[in-house]
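Colleague: Quick one: sequence plus predicted model below, questions after.
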Amino acid sequence: MGQYVVFADLGSSWWETTLKVVLVLIGLNLVILVHEFGHFIVARWCGVKCEKFYIWFDVFGLKLFKVTRGDTEYGIGVLPLGGYVKMLGQEDNPARLKEEIERAKAQSGQPSGELAAQIHSAERALYDPRSYLAKSVPQRMAIISAGVAMNVVFALVAAVFAYGLGVEHVKCAVGAVFPGEAAWRANVRVGDEIEQIAGRPVERFSDLQRAVAVGNIDRGVTMVLRRPRPDGSWERLTVTVHPDRTRLAPSIGIISSQAPVLAEPFAVVPGSPAGRATPPFRPGDRIVRIGDVAITGYAPIHSQLALHPGEPLEIVVQRTESPSDAEPGTPREIVVEVAPNPMRRLGLAMQIGPVVAIQDDSPAARAGVEQGDRIVAVDGERPGDPLTLPDRMRERAEQGRLVRLTIERAGEPEPLEIELPPRRVDWYGMPAPVAPAGPMSVPALGLALEVSNQVAEIAEGSPADKAGIRPGDVVASATLLRADPALLARYAVSEENADEFQRPEITLALERGQANWPVVIWVLQESLPGTRVQLRMKDGRELTLDPEVSDRWFHPERGFKFEALAFTQTARSVPEALALGTRETWDSLTLIFRTLGSLGTGQVSFRGLAGPVGIFHLALDSAGRGLASLAIFLCLISANLAVLNFIPIPVLDGGHMVFLGYEGIRGKPPSENVLTTLSFAGLVLLLTLMLWVTGLDIFRIFGS
């Protein structure tokens with residue numbers, strides 16, 4: 001389902017996209033250039049003749065540009081995969097050269113012609129004082145390591161430059177918690193701000209991602225949280241979260257928070273209650289009050305949406321007027337009433353699956369509900385549509401009524417009756433977009449359960465009933481079709497908005513585990529009005545359904561689009577820029593070390609690696625967020641290149657350093673057989689890795 005969209009950018013004109021591509025190409029080639037320049041300049045300082053200095057490779061002698069200055073040919077090759085410096089004698093083995101020279105002279109007596117020229121060239125490589133091989137081991141080590149050193153220097157310069165401009169970071173706060181996952185089980189909630197991870201103060205969401213993905217997680221990750229109270233004060237909590245290892249890297253199942261400011265360039269989803277409200281919302285509007293509740297962040301917005309899903313809400317926004325409306329910079333408050341958001345449904349109630357997770361200190365945990373239990377009745381009646389269970393349990397909690405669950409448990413001959421008080425909650429669950437086959441949560445009970453794709457009940461007269469679907473049928477996949485243009489016009493959805501929000505036709509395969517029924521219904525709610533659903537049944541039938549609007553079941557979200565909760569870190573002096581740049585460079589260097597270690601232990605999957613296309617896509621994304629963001633990305637790439645190049649693999653700088661270390665200890669280089677065998681093995685390893693990561697890139701582009 002995930003794809004790279006390298007050149008598509010609906011918010012950018014063609015020339016902005018072109019500019020980003022040019023900046024990325026310049027940046028990535030700068031990383032290569034400084035690496036090769038490191039080899040080149042130190043080689044020249046050591047008196048080595050550099051025959052070629054190329055960016056990209058001139059395979060088969062093909063090149064885009066060349067010029068000769070002094071003894072060196074400078075150029076740009078046709079294969080854009082790196083660059084190289086060709087030094088006199090660098091590629092030859094001294095032991096082999098000596099043997100070949102003596103053998104040629106012995107066999108031919110007095111050599112002449114082409115053989116004489118070959119012997120002369122070999123003797124120059126071996127005995128010329130400007131030859132790489134004529135230099136001492138420490139000098140050759142300095143030449144080889146100079147590329148890596150220059151990449152570290154470049155990473156530092158890029159980071160210092162970025163912090164001079166101002167680097168935007170996403171704040172380490174919780175915007176959503178995925179049902180059943182590690183953070184959800186540990187009772188982490190929307191609005192929590194993470195102050196410390198493993199005893200280390202943090203501000204950036206990326207710090208949390210790194211600590212979980214490549215940190216030491218065997219005993220869990222201890223976090224210190226700040227949780228907002230309804231009265232505006234804060235509660236400090238310490239929790240230990242045990243990351244899940246179900247993805248390419250360990251994760252805890254949260255996404256970053258949002259600011260109470262409506263996003264640019266689209267503040268609302270067209271056709272949604274927020275999109276139909278009058279006066280209309282505008283990008284940049286700051287929500288300051290909902291009803292009589294003051295809004296100081298995203299958490300109280302989420303809370304009010306969760307507590308009042310079926311009621312109109314009075315939203316008060318602060319708007320800074322443009323000069324055409326009033327005096328420049330004059331803020332004023334606008335009151336907008338937003339209607340509830342009825343759920344669009346198909347009339348299908350699916351089978352409830354087993355409980356897959358229990359939340360810490362929840363009613364379900366205290367009542368003794370266990371993982372694997374299956375709910376077969378609620379208060380003595382069939383459980384009904386599992387997707388409406390969270391709403392029904394929320395209503396029970398507001399009424400102060402106990403709930404009696406009848407559950408089947410493995411090993412128990414008879415169903416068990418468990419009575420528990422549902423809790424009043426001011427948050428709601430959502431299917432995880434990165435784990436689309438994940439469970440569905442029932443917040444009032446504190447449990448997460450699976451929902452089958454087998455039909456349990458059909459609502460009479462519903463779209464599913466009219467299409468001929470019956471209990472026992474199994475849905476194999478669901479395709480969300482593009483909205484009818486006539487319906488979009490009825491909802492006053494402009495062509496521009498339709499292009500931005502109209503999803504391509506996507507198929508959610510339920511049988512292959514790519515999605516489940518809760519995700520189908522959730523994605524339907526996020527689609528434009530008029531979106532139809534095509535179901536492919538397990539028996540081969542293909543049925544197209546027009547969703548109906550419920551009059552008793554409401555979606556908590558009403559179509560607002562919020563800015564990310566971020567802060568900009570700008571150095572106020574050169575020393576501060578150096579300090580921040582040094583920290584960023586150190587973090588980048590240690591990140592690749594930790595990633596390599598995690599790959600070795602299996603904590604991080606090799607399938608998570610990115611190849612050339614993936615790197616280019618990430619660079620484009622960084623360039624789209626500004627020059628400072630691109631500079632930070634180049635810092636990371638340059639640091640990665642430094643570390644990866646120093647891995648002791650033959651044909652890499654690290655492999656050359658190992659051979660030089662051997663020569664320094666033994667007083668002679670390794671034998672030709674050893675060098676040839678190890679170099680060939682290293683080349684095969686690198687080519688295999690390159691093919692692997694390129695294949696991953698291709699799969700991400702075209703795979704589903």
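Modeller: Looks like it came in fine.
Colleague: give me the low-pLDDT residue ranges for this structure?
Modeller: 1-14, 91-127, 322-329, 431-436, 486-504, 513, 702-704 (pLDDT under 70).
Colleague: If we use 50, what do you get?
Modeller: Low-confidence segments of the chain, defined by pLDDT under 50: 1-11, 92, 112, 433, 704.
Colleague: Can you give the domain ranges for it?
Modeller: If you go by automatic domain parsing, the domain ranges for the chain are 14-48+135-165+588-702, 50-87, 94-126, 169-256, 258-342, 347-546.
Colleague: neighbours of the residue nearest to Leu627 when sequence neighbours are not counted, just the number please.
Modeller: Spatial nearest neighbour of Leu627, excluding adjacent residues (CB to CB, 6 or more residues apart in numbering): Leu165 at 6.2 Å. Bear in mind the C-beta positions are built from the backbone N, C-alpha and C, glycine included. Neighbour count for Leu165, taken as other CB atoms under 10 Å: 16.
Colleague: Could you do Val451 as well?
Modeller: Using other CB under 10 Å: Val451 sits among 23 other residues.
Colleague: Equivalent analysis for Val574, please.
Modeller: Neighbours around Val574, by other CB under 10 Å: 10.
Colleague: what comes up buried for the strand or helix carrying Ala642?
Modeller: Element membership for Ala642, per DSSP states H and E: helix 627-645. Judged by neighbour count using 16 or more other CB atoms under 10 Å, the buried positions of helix 627-645 are 628-645.
Colleague: Can you name the element that comes right after that helix?
Modeller: Taking DSSP H and E, what comes next after helix 627-645 is helix 653-666.
Colleague: just how off-centre is that following helix within its chain?
Modeller: Per CA atoms, centre = their mean, to the nearest Å, the displacement of helix 653-666 from the mean C-alpha position of its chain is 39 Å.
Colleague: packing partners for that helix?
Modeller: helix 137-165, helix 672-702 (3 or more CB pairs under 8 Å, 6 or more residues apart in numbering; DSSP states H and E).
Colleague: how big is the angle separating it from helix 672-702?
Modeller: 160 degrees (axes from the mean of the first three to the mean of the last three CA atoms, to 10 degrees).
Colleague: and for helix 653-666, what are the contacting residues?
Modeller: Helix 653-666 is contacted by residues 137-138, 140-141, 144-145, 147-148, 645-650, 669-670, 675, 678-679, 682 when judged by CB atoms under 8 Å, 6 or more residues apart in numbering.
Colleague: ok, 7 Å please
Modeller: 137, 140-141, 144-145, 147-148, 645-649, 669-670, 682 (CB atoms under 7 Å, 6 or more residues apart in numbering).
Colleague: what's the answer for stretch 559-574, then?
Modeller: 163-164, 166-171, 173, 256-263, 266-269, 272-275, 298, 341, 577, 580.
Colleague: Direction included, what does the helix or strand hosting Leu225 pair up with?
Modeller: Here Leu225 is covered by strand 221-228, with elements defined by DSSP H and E. Note on strand 221-228: by DSSP bridges, its sheet partners are strand 193-197 (antiparallel), strand 234-241 (antiparallel).
Colleague: C-terminal to the shortest one, what's the next element?
Modeller: Read in the C-terminal direction, the helix or strand following strand 193-197 is strand 200-201, with elements assigned using DSSP H and E.
Colleague: buried residues in the very next helix or strand once past that next one?
Modeller: Later in the chain than strand 200-201, the nearest helix or strand by DSSP H and E is helix 205-214. By 16+ other CB under 10 Å, the buried positions in helix 205-214 come out as 205, 207-214.
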